[in-house]
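Enquirer: output the structure for:
(chains A and B)
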Protein chains: 2
Amino acid sequence: MEKQRIVILGGGFGGVYTASELMRRLGHIHKAKADVEVILVSEENYITFQPLLPEVVSGAVEQLHVISPIRRIAPGVTLYVRKVEKIDIENKQVQLAPGLNPRSEVISYDHLVIAMGNQLAHHMVPGLFEHAIPFKYLGDALRLRNHLVQMLEEASVCKDPEERERMLTFTVAGGGFSGVECIAEMEDFLKKAVRAFPNVSRDELRIVLIQSDNRILPEMKEKLANYADKLLRRRGIEFILEHYLNEVSADRAVVLDKKTKQKSVIPTRTVVATIPTEPHPVIIDTPLEKQKGRVLVNDEMESISHPGVWSLGDCAAVPSGEGYFSPPTAQYAVRQATICAENILATILGKPRQHFKFAGLGKLASLGARCAVAEVMGFTFSGFIAWVMWRAIYVGKMPGLDRKVRVFIDWLKDFFLPRDITQLNVHDEQKVRREHLAEGQPLFHQGDFGDRLYFVVNGKVEIEVDGRIVNTTGEGDVIGEMALLAHQSRSATVRATEPTDLVSLPKDAFEQIIKYVPGAADAMAEIHESRLRHNAEEQAAADQTSS
Amino acid sequence: MEKQRIVILGGGFGGVYTASELMRRLGHIHKAKADVEVILVSEENYITFQPLLPEVVSGAVEQLHVISPIRRIAPGVTLYVRKVEKIDIENKQVQLAPGLNPRSEVISYDHLVIAMGNQLAHHMVPGLFEHAIPFKYLGDALRLRNHLVQMLEEASVCKDPEERERMLTFTVAGGGFSGVECIAEMEDFLKKAVRAFPNVSRDELRIVLIQSDNRILPEMKEKLANYADKLLRRRGIEFILEHYLNEVSADRAVVLDKKTKQKSVIPTRTVVATIPTEPHPVIIDTPLEKQKGRVLVNDEMESISHPGVWSLGDCAAVPSGEGYFSPPTAQYAVRQATICAENILATILGKPRQHFKFAGLGKLASLGARCAVAEVMGFTFSGFIAWVMWRAIYVGKMPGLDRKVRVFIDWLKDFFLPRDITQLNVHDEQKVRREHLAEGQPLFHQGDFGDRLYFVVNGKVEIEVDGRIVNTTGEGDVIGEMALLAHQSRSATVRATEPTDLVSLPKDAFEQIIKYVPGAADAMAEIHESRLRHNAEEQAAADQTSS
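Expert: Numbers count the residues shown, from 1 in each chain, chains lettered A, B, ... in the order given. The predicted structure is shown next:
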């Protein structure tokens, strides 16, 4: 019998538990019967336990405790810590992005398991990619936590009242489980952290949830959603219901009323986005039959169009056996993984397959500050009891005994130690950055420090000197080179007159490019001179008018 | 009486404890007697407890527990989380780098306290800035830890034996406290983590310390240093004594024999640098009288050339009262801070000043795996007893009760839970990067994936196609645009023929620049064409020769 290779794509619950089940079962099968190699491709070497992510934001759980090393959950699996570049169904191979060495790797398979989950659909909301903080991976939770502390730090030394309001307004888009749990823990953290900032008062904090539905937690029974709604409102969280997130920029969130189609602006420097989501783009490019972008499989977890390709979890449309497709939750993914692993081995060994059927065990949402809502086996619970259940169930579900112990100790500590307010900077300002400006939004002000060079990708901006518009410019133009070339502060205010996208370079990179890219210095000098000439002419015209 | 403003620069032990002492004492002084505002400028909102940093690498202590929020140590202080751009002694003001808003801030002072510590002297070793991992802040320890896990992950799927050797060789430069403690914890972590990687054996790990002196721990008595030396050698750590770190690149460390001046190469992808250090550059630019770059102060902590300017900690030359300058340790800085705070208030209130005199309490170095060496009050200790002392003393010294408790719990957990091997990616590959190549080092190979564009800053490289050198190029030239423009793999191997510095851009940034920088696309097309022409001519010449 030839050696069979099973390649699993994705490091979430679906992928990792399929690998874990395969390794466990292979341990019991005599090697002569099934010579199988299992390869798992994941972007990280750990699995993120998403239900506890909001607690990382508040600091109730240590950062590393919500993740678990894949090598410990699926011992013996061959793990590639890589991105997937391409799935080639026809030739039965996948292409991985390069790692430390710049060589991309091609791996062929006999069986392919696609469990790549979903991701934020950036293209659906202008500015979402550039300015919203997603909330899916541990890195996102850390970034959010540091961002919250940074806003408090900046507000504490900020003298401009409008700027201060933007810094102290925090918004979350999406009123499902993830959005509600996130905003609840944010509120819990902010109100505790603010005590360490003598210049910032708790009353100045504005915490807003944006939800398209007419209530929060549409996944749960109305009674529980109402309980959560009242509780969170009492804690000072604002709900903007029946509105879509329409546009995001560095200083605002624009929302659209579902009925009236009226837009309104929330001045804020914090937009956390849990919606909208879509399947991974490499799946879109495959010829596999799909249902709303998800890989359509039968109740054996195999693609209905391509046998030998299997799919599960959030990126697959899996019949639940109850007349509807499985919802995108870990509960379902873990059970699908067992069936998937079993059926792949059954196929290799020529045995009968199993069918997936699962009705779900229950639903839980934590509301922070020792409160939660729960639906378990048809019963509903709320408040402290639901919160204890929530903790007990999730600590029980965490993969690996050591994680259970660690999280349990964290929770004990959280009862008697103050919250942490350190701001751990992991963000690097040195990079090439994309930015989105809403209509009327300033890019920078006259007199500001000149630290970046901008290229206009699309849209329009106006240039204002001493309160007078001297120019408008748009697609393909360069902005901000004057301050960088002359090592002085910004000589003009630049403001978008319509939604505008830009790409920007930090000062260092600009200086290196000017120095080393052939022609760049000349091109810059030319732009600079024509700009100076234009400004001088404008000035002369203005002097004539005023004299 | 006019309001007096004290501005403290630096968020290490010297700066934060001066602020803390000032706030404490001001609480006891009637406001009418001394109306004083205290401003602290720090790049982070926390203080790093450096003695425990090595334990973050091994995972024995949680990341956030080695740092402590400044607002909790010095309550009431006005904190600016900013970089210092300039100290203007003449006009009695300091300029801060911009924060969230691109406006730099200028703060004037009546008393200035400079406690900015020191930093790696990057310019002294080629490639140090580009490729060595410093070891001073929490961010460094996290970066190192992730890097170690990444090396294990990459080695586990690497087929090239030479590359594998480089990935599994780990070097530390500097055999003082910081270097020795770091390598000891690295070894401890690596040998435990490697168990989770079935394809990597412990015997493949090579762990090397580079030290310029003829022994490690020159700060300690020879007997203890010898003990540490033997213990670490027994654990498999290699020592390269009487050698300087001479050059660093992505795939090697070059060391120079102090006596013979012979160079040798250690193939490695990991160089941790604890040396050489120098004071902060903004201090160098001031007219203050200095001693080897450090601000020269009297035993009252005041600049001997500029009254009203105070300095302490690692960036100051402070007479210890014992006939030598104070060594750069936290022990001294904390005691200097008390005197400094007292003397500034004495000056404002017109009272007599105090003089600094301190002989040090003792010296401790942890050797990992529950061993340490200690000199306390003239007695020497080693092994487990010294390690218990080390832990007891440091947990006692940590600022804040909650940190003491947290670290204590971490240590308890470490006795019974396995080490964490998750690789938390905080590094962003999207940035403009500087790189250093040693002589003979390849930049990329023919057939590699083309993911970056390079500019040669200085040095020389040769270009090889199918084993034949077709060109050499140097300063000001562009390399690697062909693969990026044609979306194909590298068409040539590029190798440095002398030490070479480069600046590189990621593919995304390159594409954006080509699209939006006026003239860039034309310039690139021109370079591309001339390169194609040159290659075609070379090929024709070669064909003629071989036919």
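Enquirer: okay, and the beta partners of the residue nearest the centre of chain A?
Expert: Most central in chain A under CA atoms, centre = their mean is residue A:134, positioned 2.4 Å from the mean C-alpha point. Taking DSSP bridges as the rule, residue A:134 bridges to residue A:273.
Enquirer: who's in contact with the host helix or strand of residue A:40?
Expert: In the assignment (DSSP states H and E), residue A:40 maps to strand A:36-42. Residues from elsewhere that reach strand A:36-42, judged by CB atoms under 8 Å, 6 or more residues apart in numbering or on different chains: A:3-11, A:15-16, A:19, A:22-23, A:26, A:70, A:74, A:76-82, A:84, A:94, A:96, A:107, A:109, A:345, A:348. Just so you know, the C-beta spots here come from the backbone N, C-alpha and C atoms, and that holds for glycine as well.
Enquirer: may I see the buried residues of it?
Expert: For strand A:36-42, burial by neighbour count (16 or more other CB atoms under 10 Å in any protein chain shown) applies to A:36, A:38, A:39, A:40, A:41, A:42.
Enquirer: how many neighbouring residues does whichever residue of the stretch 201-350 of chain A sits closest to chain B have?
Expert: Chain B sits closest to residue A:269 of the stretch 201-350 of chain A, with a gap of 7.4 Å, by CB to the nearest CB. For residue A:269, the neighbour count with other CB atoms under 10 Å in any protein chain shown is 24.
Enquirer: quick check, pLDDT for it.
Expert: In the prediction, the pLDDT value recorded for residue A:269 is 95.
Enquirer: then residue A:456?
Expert: pLDDT for residue A:456: 84.
Enquirer: state the pLDDT value of residue A:300.
Expert: pLDDT for residue A:300: 96.
Enquirer: that one and residue A:347 touch, don't they?
Expert: No: here residue A:300 lies out of contact with residue A:347, judged by CB atoms under 8 Å, at a distance of 9.1 Å.
Enquirer: identify the contacts common to the two.
Expert: Listed as contacting both residue A:300 and residue A:347 by CB under 8 Å, 6+ apart are residue A:353.
Enquirer: ok so, going back, mind listing what the residue nearest to the centre of chain A touches?
Expert: By CB under 8 Å, 6+ apart, the contact list for residue A:134 reads A:120, A:140, A:272, A:273, A:274.
Enquirer: output those in a markdown table; the columns should cover pLDDT and neighbour count.
Expert: A markdown table is the format used below for those (pLDDT from 0 to 100; neighbours: other CB atoms under 10 Å in any protein chain shown):
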| residue | pLDDT | neighbour count |
| --- | --- | --- |
| A:120 | 88 | 20 |
| A:140 | 86 | 20 |
| A:272 | 97 | 26 |
| A:273 | 95 | 28 |
| A:274 | 92 | 22 |
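Enquirer: what's the farthest-apart pair in those?
Expert: A:120 and A:272 (10.9 Å; CB to CB).
Enquirer: hey, what's in contact with both of those two?
Expert: Counting by CB under 8 Å, 6+ apart, the contacts common to residue A:120 and residue A:272 are A:132, A:134.
Enquirer: tell me what the longest helix anywhere in chain A is packed against?
Expert: Secondary structure of chain A per DSSP state H: the longest helix is helix A:520-546. Helices and strands touching helix A:520-546, as assessed by 3 or more CB pairs under 8 Å, 6 or more residues apart in numbering or on different chains; DSSP states H and E, comprise strand A:468-474, helix A:481-486, helix A:507-516, helix B:520-546.
Enquirer: worst average pLDDT in the ones you listed?
Expert: helix A:507-516 (a mean of 69).
Enquirer: check contacts around the nearest residue to residue A:176 once chain neighbours are set aside.
Expert: Setting aside the residues directly before and after it, residue A:176 is nearest to residue A:219 in space (CB to CB, 6 or more residues apart in numbering or on different chains), at 6.2 Å. Residue A:219 sits next to A:176, A:177, A:327, A:363 when contact means CB under 8 Å, 6+ apart.
Enquirer: can I get those in JSON lines including neighbour count and secondary structure?
Expert: JSON lines is the format used below for these (neighbours: other CB atoms under 10 Å in any protein chain shown; DSSP: H, G, I helix; E, B strand; the rest coil):
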{"residue": "A:176", "neighbour count": "17", "secondary structure": "coil"}
{"residue": "A:177", "neighbour count": "22", "secondary structure": "helix"}
{"residue": "A:327", "neighbour count": "13", "secondary structure": "coil"}
{"residue": "A:363", "neighbour count": "19", "secondary structure": "strand"}
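Enquirer: hmm, back to that, for my notes, confirm the residue nearest to residue A:176 occurs in a strand.
Expert: No: using DSSP: H, G, I helix; E, B strand; the rest coil, the assignment for residue A:219 is coil, not a strand.
Enquirer: would residue A:72 count as being in a helix?
Expert: Yes: counting by three-state DSSP, residue A:72 falls inside a helix.
Enquirer: tilt between the longest helix of chain A and strand A:468-474?
Expert: Using axes from the mean of the first three to the mean of the last three CA atoms, to 10 degrees, one finds that helix A:520-546 and strand A:468-474 are set 140 degrees apart in direction.
Enquirer: report the buried residues of helix A:520-546.
Expert: Using 16+ other CB under 10 Å as the test for burial, helix A:520-546 gives A:520, A:523, A:524, A:527, A:528, A:531, A:535, A:538.
Enquirer: just to revisit the earlier point, of the contacts of residue A:134, closest to residue B:293?
Expert: Nearest to residue B:293 among those, with distances taken as CB to CB, is residue A:140, at 42.2 Å.
Enquirer: residue B:104 versus the residue lying closest to that closest one once chain neighbours are set aside, what's the distance?
Expert: Of all residues not flanking residue A:140 in the chain, residue A:134 sits nearest, at 5.1 Å (CB to CB, 6+ apart). Look at residue A:134 and residue B:104: by CB to CB, to the nearest Å, they are 32 Å apart.
Enquirer: now do the residue lying closest to residue A:277 once chain neighbours are set aside against chain B, distance only.
Expert: Leaving aside its sequence neighbours, residue A:277 sits nearest to residue A:118 (CB to CB, 6+ apart; 4.4 Å). Separation of residue A:118 from chain B (CB to the nearest CB, to the nearest Å): 20 Å.
Enquirer: isn't residue A:118 right next to residue A:281, touching?
Expert: No: contact criterion CB under 8 Å: residue A:118 and residue A:281 do not qualify, at 10.8 Å.
Enquirer: quick one, what contacts residue A:118?
Expert: By CB under 8 Å, 6+ apart, the neighbours of residue A:118 are A:277, A:278, A:279, A:280, A:314, A:315, A:328.
Enquirer: what's across from it in the sheet?
Expert: Here residue A:118 sits in beta bridges with residue A:279, going by DSSP bridges.
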